[in-house]
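1. The following block contains a protein sequence and its predicted model.
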Amino acid sequence: MQTPQKIKSILDQLNTVIVGKSARVQDCVACLLAGGHLLIEDVPGVGKTTLAHALAHVFGLQFARVQFTADLMPSDLIGVSVYERGKEAFMFHPGPVFAQVLLADEINRASPKTQSALLEAMEEKQVSVEGETRPLPEPFFVIATQNPHDQLGTYALPESQLDRFLMRISLGYPDRAAERELLSGQDRREMANTLRPLVSPQDLAELQQQVLAVHASDPLLNYVQDLIAATRSGRWFLQGLSPRAGIALVRAAKAQALICGRDYVAPDDVQAIVAQTIAHRLVPVGDAGRGAVEQVHAMVAAVDLP
């Protein structure tokens, strides 16, 4: 199957489960093709966990789900060494983090200690347990869901951890037609669990290589640098984007271009994913009167196109 057909079939299958959210679904696929971790933030019950299940099934990846709670310990996530009498030695029992896709449900309900245990796994694709470093499987993705900060029993994710997520998306409520389909149709979680894999891990690795091969021209990189410089100017945000965020922006734009069937990045690709890729890393200036996403859109509108 050719790359455009392969990606189209992935999107079509996901859209049968997550109804009326094709733009958000495309963002999720772009995030995974770019090899980044995904954060889905929204109120309970709009389909965050169902979307995460569907993504893991369609990409044919082995996955584990962890429900984050206030008393979850790092060892519950990473694993623990247990003394086995028969072998007269400590044997390591791997935790759920040793999966290709980790669904971290309600990640902001866990204590900061447990959240930081994920940091090494997300950045280095390895974990250190009792002085020994263990590699995680390839590919390794974290798809995390979180509730808005103003809900009871949530801890805000630290900036260092938010920066490890390539994208943050919000699903929002469905429109009337999509909601009617949900009310009258089959249970979406069951549908997600019966999805058949459309690509193998090898296919996914090839698609990720194709993303890296997408061409970004000098004028386009100038445009990306203009956007990064605008975030650092002090006019829009308290603190600017880091070089890591700039690299993430280019990678996400390349994935968006590949999904659109092109082998070069256009300014439209950058604009399509810029808010999802950078808004969670930024805090608007005090007198903005806007949220981070709206402030990013206002800033992008003020920066000249190449």
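-> Great, that's in hand.

2. Mind listing residues that contact the longest helix belonging to the chain?
-> When secondary structure is assigned using DSSP state H, the longest helix within the chain turns out to be helix 243-259. For helix 243-259, the surrounding residues in contact (Cβ atoms under 8 Å, 6 or more residues apart in numbering) are 3, 7, 11, 26, 29-31, 33-36, 163, 166-167, 207, 210-212, 214, 216, 221, 224-225, 227-228, 241, 263-266, 269-270, 272-274, 276-278, 281. Using the backbone N, CA and C atoms, a C-beta is placed for each residue, glycine as well.

3. same deal with stretch 141-159?
-> 32, 37-44, 48-49, 52, 55-56, 61, 70, 100-112, 115-116, 118, 121-122, 165, 281.

4. So which of those residues belong to strands?
-> When the contacts of stretch 141-159 are checked against strands (DSSP state E), the matches are 37-41, 101-105, 165.

5. Need the max-distance pair from those.
-> By the measure Cβ to Cβ, these have their two most distant members at E41 and V101, which lie 18.3 Å apart.

6. Of those two, which one has the most company?
-> Set E41 next to V101 and count neighbours by other Cβ atoms under 10 Å: V101 wins out with 23 against 20.

7. and G79, what does it touch?
-> 92-95, 97-98, 129.

8. any idea how the protein splits into domains?
-> 3-199, 214-302 (automatic domain parsing).

9. Of these, which shows the lowest average pLDDT?
-> When those are compared on mean pLDDT, domain 3-199 scores lowest, with a mean of 85.

10. Out of the ones in strands among the contacts of stretch 141-159, which is nearest to I18?
-> I40 (10.8 Å).

11. Which strand residues bridge the closest one?
-> Partner residues in beta bridges with I40: T145, I169, with DSSP bridges as the criterion.

12. number of nearby residues for it?
-> For I40, the number of neighbouring residues by other Cβ under 10 Å comes to 25.

13. was I right about it contacting I169?
-> Yes - I40 lies in contact with I169 (Cβ atoms under 8 Å); the separation is 5.7 Å.

14. list the residues that contact both of the two?
-> Here I40 and I169 share the contacting residues C28, scored by Cβ under 8 Å, 6+ apart.

15. List the contacts of the residue lying closest to L195 once chain neighbours are set aside.
-> Residue nearest to L195 in three dimensions, not counting chain neighbours: H57, with 4.1 Å by Cβ to Cβ, 6 or more residues apart in numbering. Neighbour list for H57: 192-193, 195-197 [criterion: Cβ under 8 Å, 6+ apart].

16. Check F90 too.
-> 81-84.

17. now do 7 Å
-> Under the criterion of Cβ atoms under 7 Å, 6 or more residues apart in numbering, the neighbours of F90 are 81-83.

18. ranges for the strands of the protein?
-> Defined through DSSP E, the strands belonging to the chain, from first to last, are 37-41, 63-67, 79-84, 89-94, 101-105, 126-129, 132-135, 141-146, 165-169.

19. Would you mind saying which of those strands lies nearest R232?
-> Closest approach to R232 among the strands of the chain is made by strand 165-169 (20.2 Å; Cβ to Cβ).

20. So what touches that closest one?
-> With contacts defined as Cβ under 7 Å, 6+ apart, strand 165-169 is touched by 24, 27-28, 31, 34, 36-41, 248, 252, 276-277, 279-280.

21. Brilliant, that's me finished.
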